[in-house]
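Asker: Please work out how this folds:
(chains A and B)
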Amino acid sequence: MFEGYTLAELGSIFAMQGFAGLILFSVFVLMALGLAIIFGQMGVINMAHGEFMILGAYVTYLCSTLVSEYLPALFPVYFFIAMALAFVASGLLGMLVEWGMIRFLYKRPLDTLLATWGLSLILQQIYRSVFGAREVGVVLPDWLMGSVAVTDTIEVPINGLFVMGLTMIITLVIYTVMFRSRWGMGVRAVMQNRVMAGAVGINTERVDRLTFGLGCGIAGVAGSAFTMVGSTGPTSGQLYIVDTFLVVVFGGAQSLIGTIASAFTISQAQSTMEFFLSGSTAKVLTLLTVVAILMLRPQGLFVLKVRR
Amino acid sequence: MSSDKTRGGLKSQFRRNLLLGMAALPALSLLPRGALAQATSAVNTTNLAVTDSTVKVGILHSTTGTMAISETGSVEAEKLAIKQINDMGGVLGRKIEVIQEDGASDWPTFAEKSRKLLVEDKVAAVFGCWTSASRKAVLPVFEQYNGMLYYPTFYEGLEQSKNVIYTGQEATQQILAGLDWVSKEKGAKSFFLIGSDYIWPRTSNKIARKHIEKNGQKVVGEEYFPLGHTQFNSVINKIKLTKPDVIYASVVGGSNVAFYKQLKAAGINLSKQTLMTISVTEDEMLGIGGENIAGAYACMKYFQSLDNPNNKAFVEAFKAMWGADSVIGDVTQAAYLGPWLWKATVEKAGSFDVDKIAAASDGIEFKGAPEGYVRIHPNHHLWSKTRVGRARMDGQFDVVFETADLIEPDPFPKGYQ
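Answerer: The predicted structure is shown next:
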């Protein structure tokens, strides 16, 4: 497929392809971070993760509509407000769900699968009733759409760079919160040994609620960011759920580093194969590889070493 | 689902009825004289749900689940047509009563509900289905219980049934004229085909590829992505590498939005790069956003912006019934044709019996169609024109081309399989 191209042309295509892989990596990490906390740290199989993302997307949609109507001067920067609101909205809904449903199921982790799947159907129908069955169009500020020309032939999409930056910031924040703060230590303590953590005076219920809320809030931010690259409709969340679980499970559910490593592996494999093979074949091969590796290493790429 | 927005006051109610009535005017010519006089025993010999004053029909679409996005418009159009027909006095003097069932985007549910409509409700006709998968699921049911289905979506062809009237385009009607136009107008030599991975895009692209190669042009890439795929950066790089004259797209659903947003973000300017799609109507434009797709060409048989008196009345009536900001895509219009064609057929046959309707369908015309004149072919598809529209920022299309004549439906095209 490369006959008749100059070296420079090929070079720039590969550079752009490299960026495509990095962007896919960022998208995967952003999708998976929220779930890595909820599934990885708390052990809750949250099938409604995609719906929490879409709540963020709908919040962004509402913001874009309201801001362009009432505060057009703010339009170029409304996206940041929207992301903050998406975090709050999804986070609050997450805490409500934890309080109303999840907390009764901590001892029956497999049942969370069914319960949250039901929740996802309920949320989808709520979105459909409130926002209509059709997809909504989120209007983005002009500066977010378009590309930067690095050289004459290399163009990099701005929204991709934006997602990359956002992912880096959120990953750093989560890392700090989970591994460098007292609260994060509490979270890890509760997850490793709930009874003992309670015995030493940690309010485990409060930790659970906030952790679940944090995971959902991050899902909301991810959903908000994905209005730049994807669709916003009642069932759009379903588009992400498989990839999200894939990344988290492949990485080793309890390890945040694992999530990042697995997102990197899967995204690079997929984007390279998509370029040289066709889209569907690339997906099949990626899934096959992941299945094969998980058969050899059921615990995922990275495992947390704990004494049990 | 959005509901009929009630506006207060008798005055607006009157205005709406007036609008609906006006929209129905072009169809008045179809009403035969003396239609009101026939006894039920004469027009219904197969025990359908027909009384002296009413006739029951079914509407079977997904109003929940992933397909609700697409099928909502069809439900709205069918209800509008039925309301207009009732306002004109119904069919053979009988008012149409609708039994609506939800297929819930699930193919076995479609089959089950169609069985319910045909066996328990004994409806005289069903307007419904959207995806090919749902149609394939209900087809055996309609053939077993001898029902009549009016199917609105443009689809891949390769099917023909006594029990189905296909009011959308089969693949060759949608593809060939559009390809010829883009070759002539843009001098296109090379094409990049990209679609979602299921039967409709694959069959359509097979036909497109044959036609392109027949014309001595080249297909430089053919790519399929799983339904719901949201990351297109790699394939966009491949498109940049192969530099096709035309990108020919049949990506559907949520992927559609992702594809156009990422094309734009990757710096592909659709006012310079020719892109032709067979999967974006005004409905999809809502989700994609006009600013992301402006400049692309869509190949359809109907656009909301069509300038003819039938369409003006139709758009006005549709907005009066379903809200001023509703949009009408190709399939919505095709769904609107269903009840009208059924009415005309029943009146020609002088009977609601399905066998008589199937036999009488050949040659049925609808002069009041928003897309212009349509006629049913003996193969139960419609003769209709092919049009090319160019996407505008505001989510509408400028019609830039239409075929001079009606195109003959050819569900089993020789040399394209």
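
Asker: what are the phi and psi angles of whatever residue of chain A ends up closest to chain B?
Answerer: As assessed by C-beta to the nearest C-beta, chain B sits closest to A:E135 within chain A, at 2.8 Å. Backbone N, C-alpha and C define where each C-beta goes, glycine included. Here is the backbone geometry of A:E135 (degrees, to the nearest 10): phi -70, psi 150.

Asker: what do you get for B:Y297?
Answerer: Residue torsions, per degrees, to the nearest 10, at B:Y297 are phi -100, psi 140.

Asker: Skipping adjacent residues, who's closest to it in space?
Answerer: Ranked by C-beta to C-beta, 6 or more residues apart in numbering or on different chains and with sequence neighbours excluded, the top spatial neighbour of B:Y297 is B:M276, at 4.6 Å.

Asker: do the same with B:T281
Answerer: B:G329 (3.0 Å).

Asker: show me what contacts the one you found?
Answerer: The contact partners of B:G329, by C-beta atoms under 8 Å, 6 or more residues apart in numbering or on different chains, come to B:73, B:281-284, B:302, B:304.

Asker: again, only using 6 Å
Answerer: B:281-283 (C-beta atoms under 6 Å, 6 or more residues apart in numbering or on different chains).

Asker: Include neighbour count when you put those into CSV, please.
Answerer: Formatted as CSV, those follow (neighbours: other C-beta atoms under 10 Å in any protein chain shown):
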residue, neighbour count
B:T281, 26
B:E282, 26
B:D283, 23
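
Asker: all helices for the chain, in order.
Answerer: This is for chain A. A:7-35, A:49-70, A:78-100, A:109-131, A:158-180, A:182-192, A:194-199, A:204-226, A:238-251, A:256-276, A:279-296 (DSSP state H).

Asker: was after chain B, sorry
Answerer: Under DSSP H, chain B gives helices at B:10-24, B:40-43, B:68-87, B:107-115, B:132-144, B:171-186, B:199-214, B:233-242, B:254-265, B:282-288, B:290-293, B:309-322, B:330-349, B:354-360.

Asker: quick one, which of the ones you listed is nearest to A:V139?
Answerer: Comparing those by their distance to A:V139 (C-beta to C-beta), the top pick is helix B:290-293, with 7.1 Å.

Asker: Now the residue in the stretch 251-400 of chain B that chain A sits nearest to. Nearest residue, chain neighbours left out?
Answerer: In the stretch 251-400 of chain B, the residue that lies nearest chain A is B:G287 (2.8 Å; C-beta to the nearest C-beta). Distances taken as C-beta to C-beta, 6+ apart place A:E135 nearest to B:G287, at 2.8 Å, with adjacent residues excluded.

Asker: Kindly provide the distance from A:L277 to B:K238.
Answerer: As judged by C-beta to C-beta, to the nearest Å, A:L277 and B:K238 stand 11 Å apart.

Asker: brain fart, A:G237
Answerer: 28 Å.

Asker: repeat for B:S196
Answerer: 17 Å.

Asker: can you list the residues of chain A near chain B?
Answerer: A:13, A:16-17, A:20, A:23-24, A:132-135, A:137, A:145, A:147, A:155, A:157, A:159, A:229-231, A:233, A:235-236, A:239, A:271, A:274-275, A:278-280, A:283 (C-beta under 6 Å from any C-beta of the partner chain).

Asker: of A:L277 and B:K238, who's got more company?
Answerer: B:K238 (24 against 14; other C-beta atoms under 10 Å in any protein chain shown).

Asker: so who does the more buried one touch?
Answerer: By C-beta under 6 Å, 6+ apart, the contact set of B:K238 is empty.

Asker: how close does the closest residue to B:E76 other than its chain neighbours sit to B:T72?
Answerer: Spatial nearest neighbour of B:E76, chain neighbours left out: B:W322 (5.0 Å); criterion: C-beta to C-beta, 6+ apart. Distance of B:W322 to B:T72, given as C-beta to C-beta: 9 Å.

Asker: ok, now B:R387?
Answerer: 23 Å.

Asker: now do A:M228
Answerer: 26 Å.

Asker: Alongside chain A, which residues does the stretch 1-150 of chain B contribute?
Answerer: B:2, B:66, B:68-69, B:72.

Asker: To A:G198, which of the helices of chain B lies closest?
Answerer: For the helices of chain B, proximity to A:G198 was assessed by C-beta to C-beta; helix B:254-265 is nearest, at 43.3 Å.
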